[in-house]
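**Student:** One predicted model, sequence on top.
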Amino acid sequence: MGCLNSVPQDDDVVSSLARNTSSRDSSFVEKMKKTGKNIVVFYGSQTGTGEEFSNRLAKDAHRYGMRGMSADPEEYDMADLSRLSEIDNSLAVFCMATYGEGDPTDNAQDFYDWLQEADIDLSGLKFAVFALGNKTYEHFNAMGKYVDKRLEELGAQRIYEVGMGDDDGNLEEDFITWREQFWPAVCEHFGVEATGEDSSIRQYELVVHTDENMNKVYTGEMGRLKSYETQKPPFDAKNPFLASVTVNRKLNQAGERHLMHVELEVTNSKIRYESGDHVAVYPANESSIVNKIGEILGADLDTVISLNNLDEESNKKHPFPCPTTYRTALTYYLDVTNPPRTNVLYELAQYATDPKDQDHLRKMASSASEGKALYLSWVVESRRNILAILEDVPSLRPPLDHLCELLPRLQARYYSIASSSKVHPNSIHVCAVLVEYETKTGRKNKGVATNWLKNKQPSDNGHKSTVPMYVRKSQFRLPFKSTTPVMMIGPGTGIAPFIGFIQEREWLKQQGKEVGATVLYYGCRHEHEDYLYKDELSRFHKEGVLTQLNVAFSRDQEKKVYVQHLLKNSKENVWKLISEENAHIYVCGDARNMARDVLNAFYEIVAELGKMEHALAVDYIKKLMTKGRYSQDVWS
């Protein structure tokens, strides 16, 4: 499942503990006074984008004779917002992403809880919010909207309207458009003007280590040095567990796609999971891409380097674990396959020796409408990654260290767990589809994680293949009572968490528990090609664990049939389960089309059989959501 997730930086555990114990260190106001900053940009980030935008805004500040710092709300005492007015011309900006079903990101959870309970006077505080979300989700930008509304309720003064970033459209363009109006509003409010200084200032300096003891060099660890050699629980985002791959089999019988079932062994790791949780895996970039970047830039990829923050007061000493080699950074720490954002193009432009190339890159990074259109077509729609850009702009040869500073962090990828811990306590199952497509430029792009997973065979020349992973808790849970009926709806790899649910219901039955109706609506393209887990599902059905197995083969007949059609075909039964039997509904899979179509099918069924107006039917389903009886695990 391609979900959202955040990669914390590599501050070691000790310093983060020290930070939390010293109240002086947890005061961002004290820190700003000490370092002469007057703008603080907080980020709630799950995939690193909120953090990236926050860094860009903090860096922008000096163009206006102001000084900014980017901050993780988890590291500071947010009650200090009431003291920010002690600093002249001070401003707090919030880049807040929404995760899943309108939830805060992991690092903003405490801030969110504090905001809900806070009874504090923020009347001296000036603020602005940029929200990051995806409008295919039910609760679009809920977190950003909440922060914006709540700060005002507590008396703070909004300097500029909340920005709405939509990752279903073009998040980068939304951000640029908001930012180009935001700064003039700041200037007007504080009576300052742009200094005309360019924001192409290096944040890190390169140190090349010639005599570095190789035992002190990071080789791909996310946090503690050598954490992959001596593994110590608890395992989390900064300290993933290296799970052995015990099974990696192709699930589909035929067709062009490659769908796979991978089993990860977690024996002796103390890792616990529940059906419905997500497993996060840290992938690696393909060596051929890394080698090509090194070749084009004429760099020795095995040089041991550190990138050290020029701002010595910053909590973020390095952009990724250092010291390390260029090869390790490009393989494990940096995102080299996604189309780069405009600020990267803008900063790299200075290294293009051909003026036409320079103009081309700067134009795409400008806020002019033709610049935005060019960026959209040349970068986003053509899916040009950094390698493709270097290949297509032959005069662009930036120093590799500056490129490494600018590229975003490679993120963990999330998958819905396809097993039950009651049945498989020491093993976590993943179901994924290999992502591969041809771009408009004729290049073949491959999904980083699925391509990497596909090659993780149980025995690789006698060595065990391992996957760095950890578990992220989810709200996607079976009902507390085993007698409650469940209705599961999911096409394709959306079947994953339901395999875990059905395994668990079978286990409960074997324990002598009474188990309610277990109904599945599952969709795939062709019965003889990609009917995933066909044998398991028919066994579950035959043995009565699955009360109903409804499968839509969308392309096996003239007219396409999807899961929402099957729901409508059995509407009487669906309505009875919901209205009389208190059934819980679960939807898993694609947010953009399927989840919306399924929701609309439920509205129709409820309106027709519940004999109510459409608006009341919508309200009826929304109430089920609030009660936790309609849950979605969706991605776009």
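**Tutor:** Now that the structure is in, tell me what you want to look at. Residues are numbered from 1 along each chain as shown.
**Student:** the helices in the stretch 301-450 of the chain, which residues?
**Tutor:** For the stretch 301-450 of the chain, the helices defined by DSSP state H, counting those that start in this stretch cover 326-328, 342-349, 355-364, 369-375, 386-392, 400-406, 448-454.
**Student:** Output the longest helix that the chain contains in PDB, but only the C-alpha positions, please.
**Tutor:** Under DSSP state H, the helix in the chain containing the largest number of residues is helix 171-190. Output of helix 171-190 as PDB, limited to C-alpha atoms (Å, rounded to 0.1, in the frame of the first residue of the first chain):
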ATOM      1  CA  LEU A 171       1.100  20.100  -4.500                       C
ATOM      2  CA  GLU A 172       4.200  22.000  -5.600                       C
ATOM      3  CA  GLU A 173       2.200  24.500  -7.600                       C
ATOM      4  CA  ASP A 174      -0.300  25.000  -4.800                       C
ATOM      5  CA  PHE A 175       2.600  25.800  -2.500                       C
ATOM      6  CA  ILE A 176       4.300  28.200  -4.900                       C
ATOM      7  CA  THR A 177       1.100  30.000  -5.600                       C
ATOM      8  CA  TRP A 178       0.300  30.400  -1.800                       C
ATOM      9  CA  ARG A 179       3.900  31.400  -1.000                       C
ATOM     10  CA  GLU A 180       4.000  34.100  -3.700                       C
ATOM     11  CA  GLN A 181       1.000  35.800  -2.000                       C
ATOM     12  CA  PHE A 182       2.100  35.000   1.600                       C
ATOM     13  CA  TRP A 183       5.400  36.900   1.600                       C
ATOM     14  CA  PRO A 184       3.900  40.200   0.300                       C
ATOM     15  CA  ALA A 185       1.300  39.900   3.100                       C
ATOM     16  CA  VAL A 186       4.100  39.400   5.600                       C
ATOM     17  CA  CYS A 187       6.000  42.400   4.200                       C
ATOM     18  CA  GLU A 188       2.900  44.600   4.400                       C
ATOM     19  CA  HIS A 189       2.100  43.500   8.000                       C
ATOM     20  CA  PHE A 190       5.600  44.100   9.300                       C
END
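**Student:** buried stuff in that helix?
**Tutor:** By 16 or more other Cβ atoms under 10 Å, the buried positions in helix 171-190 come out as 171-179, 182-183, 186-187, 190. All C-beta spots, glycine's among them, are computed from the backbone N, C-alpha and C.
**Student:** Three-state assignment for residue 162, please.
**Tutor:** Residue 162 falls in the strand class when you classify it by DSSP: H, G, I helix; E, B strand; the rest coil.
**Student:** ditto for residue 564
**Tutor:** When classified by three-state DSSP, residue 564 comes out as helix.
**Student:** how about low-confidence regions in this structure?
**Tutor:** Where the chain drops to pLDDT under 70, the residues are 1-24, 197-200.
**Student:** quick revisit: right, and the helices of the stretch 301-450 of the chain - which one's nearest residue 240?
**Tutor:** The closest of the helices of the stretch 301-450 of the chain to residue 240 is helix 448-454. By Cβ to Cβ, the value is 13.6 Å.
**Student:** Show me what the closest one is packed up against.
**Tutor:** Packing partners of helix 448-454 (3 or more Cβ pairs under 8 Å, 6 or more residues apart in numbering; DSSP states H and E): strand 259-265, strand 427-433.
**Student:** before we move on, the earlier item: how far off helix 342-349 does the longest helix of the chain point, in degrees?
**Tutor:** Interaxial angle of helix 171-190 relative to helix 342-349 (axes from the mean of the first three to the mean of the last three Cα atoms, to 10 degrees): 90 degrees.
**Student:** how about residue 90, what does it touch?
**Tutor:** Contacts for residue 90 (Cβ atoms under 8 Å, 6 or more residues apart in numbering) come out as 32, 38-40, 84, 126.
**Student:** If we use 7 Å, what do you get?
**Tutor:** Counting by Cβ atoms under 7 Å, 6 or more residues apart in numbering, residue 90 touches 38, 84, 126.
**Student:** after the longest helix of the chain comes which helix or strand?
**Tutor:** If you walk from helix 171-190 toward the C-terminus, the next helix or strand you reach (DSSP states H and E) is strand 204-209.
**Student:** Buried ones in the following helix or strand past that next one, by neighbour count?
**Tutor:** From strand 204-209 onward toward the C-terminus, using DSSP H and E, the following helix or strand is strand 241-250. For strand 241-250, the neighbour count (16+ other Cβ under 10 Å) marks 241-246, 248 as buried.
**Student:** contact partners of strand 241-250?
**Tutor:** Contacts of strand 241-250 (Cβ under 7 Å, 6+ apart): 228, 231, 235, 258-266, 269, 271, 427, 456-458, 464-470.
**Student:** Now, of the residues you listed, which are buried?
**Tutor:** The neighbour count (16+ other Cβ under 10 Å) marks 228, 235, 258-266, 269, 271, 427, 456, 465-470 as buried among the contacts of strand 241-250.
**Student:** where exactly do the strands run in the stretch 51-200 of the chain?
**Tutor:** 68-71, 91-99, 103-104, 126-133, 157-166 (DSSP state E, counting those that start in this stretch).
**Student:** Other residues contacting the third one?
**Tutor:** What that stands for is strand 103-104. If you take Cβ under 7 Å, 6+ apart as the criterion, strand 103-104 is touched by 44, 112, 143.
**Student:** before we move on, the earlier item: now the buried residues of helix 171-190 as a markdown table including distance to residue 130?
**Tutor:** Formatted as a markdown table, these follow (distance: Cβ to Cβ, whole Å):
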| residue | distance to residue 130 |
| --- | --- |
| 171 | 10 |
| 172 | 12 |
| 173 | 13 |
| 174 | 9 |
| 175 | 7 |
| 176 | 11 |
| 177 | 11 |
| 178 | 6 |
| 179 | 8 |
| 182 | 8 |
| 183 | 12 |
| 186 | 13 |
| 187 | 17 |
| 190 | 18 |
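**Student:** To residue 222, which of the helices and strands packed on helix 448-454 lies closest?
**Tutor:** Proximity to residue 222 (Cβ to Cβ) singles out strand 259-265 among the helices and strands packed on helix 448-454, at 16.8 Å.
**Student:** Tell me the helix or strand right after that closest one.
**Tutor:** strand 278-281.
**Student:** The helix or strand just after that following strand - contacts with which helices or strands?
**Tutor:** Next along the chain after strand 278-281, taking DSSP H and E as the criterion, comes helix 287-296. Counting contacts by 3 or more Cβ pairs under 7 Å, 6 or more residues apart in numbering; DSSP states H and E, helix 287-296 packs against helix 386-392.
**Student:** Only C-alpha atoms, please: export the helix it packs on in CSV.
**Tutor:** In CSV, the C-alpha atoms belonging to helix 386-392 read as follows (Å, rounded to 0.1, in the frame of the first residue of the first chain):
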residue,chain,number,x,y,z
ILE,A,386,17.0,13.9,-11.4
LEU,A,387,18.8,11.4,-13.7
ALA,A,388,16.5,12.1,-16.6
ILE,A,389,17.1,15.9,-16.1
LEU,A,390,20.8,15.5,-16.0
GLU,A,391,20.6,13.4,-19.2
ASP,A,392,18.3,15.9,-21.0
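**Student:** quick one: contacts of it?
**Tutor:** Residues outside helix 386-392 that contact it (Cβ under 7 Å, 6+ apart): 289, 292-293, 296, 336, 340, 384, 396, 407, 441, 443.
**Student:** Relative to the whole chain's centre, how far out is that helix?
**Tutor:** 25 Å (Cα atoms, centre = their mean, to the nearest Å).
**Student:** which of the residues in it are buried?
**Tutor:** The neighbour-count check on helix 386-392 (16+ other Cβ under 10 Å) flags 386-391 as buried.
**Student:** Quick check: the farthest pair among the contacts of helix 386-392?
**Tutor:** The span of the contacts of helix 386-392, defined through Cβ to Cβ, is set by 407 and 441 at 20.0 Å.
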